[in-house]
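Asks: using only what follows, build the 3D model:
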Amino acid sequence: MRGLALIAMVGAVFAASPSDAQEIAQEKCWYSSSSFSPGSTFRASDKVMVCTKEFTWEPVEGGKSSGCIWEDKIFGPGAVAGGNHEIKVVCTEAGSWKRVSD
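Replies: Numbers count the residues shown, from 1 in each chain. Below you'll find the model as predicted:
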């Protein structure tokens, strides 16, 4: 009788397949370890990208960037990064970095 109970338990474990797993809804756009809400914009390479309502990144023509990313940190336009022993740069409204002279 014990053997039947053990077989029933093992069978129940294997009855649940990976296809039964629930899909977790994504509610943000991700870039590296940072998450963004729909409507957020950031420069990626030569394009400004917008987080869509479907939580995907799409290119935007002539769009302004919400900021710049430096060493996995987000900076708004006008913010200065670097310094000390690094090059100082300022975040532009286009979402790119511009070198600042000392």
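
Asks: tell me the bridge partners for the residue nearest the centre of the chain.
Replies: Residue closest to the average C-alpha location in the chain (Cα atoms, centre = their mean): Trp30, at 1.4 Å. Assessed by DSSP bridges, Trp30 has beta-bridge partners Ser35.

Asks: for it, give me the pLDDT.
Replies: pLDDT for Trp30: 88.

Asks: ok, how many other residues are close to Pro59?
Replies: Pro59 has 12 neighbouring residues, counting by other Cβ atoms under 10 Å. (Each C-beta comes from the backbone N, C-alpha and C, glycine too.)

Asks: can you check Trp57 too?
Replies: Residues within reach of Trp57, counting by other Cβ under 10 Å, total 18.

Asks: next up, the contacts around it.
Replies: Neighbouring residues of Trp57 by Cβ atoms under 8 Å, 6 or more residues apart in numbering: 29, 31, 44, 49-51.
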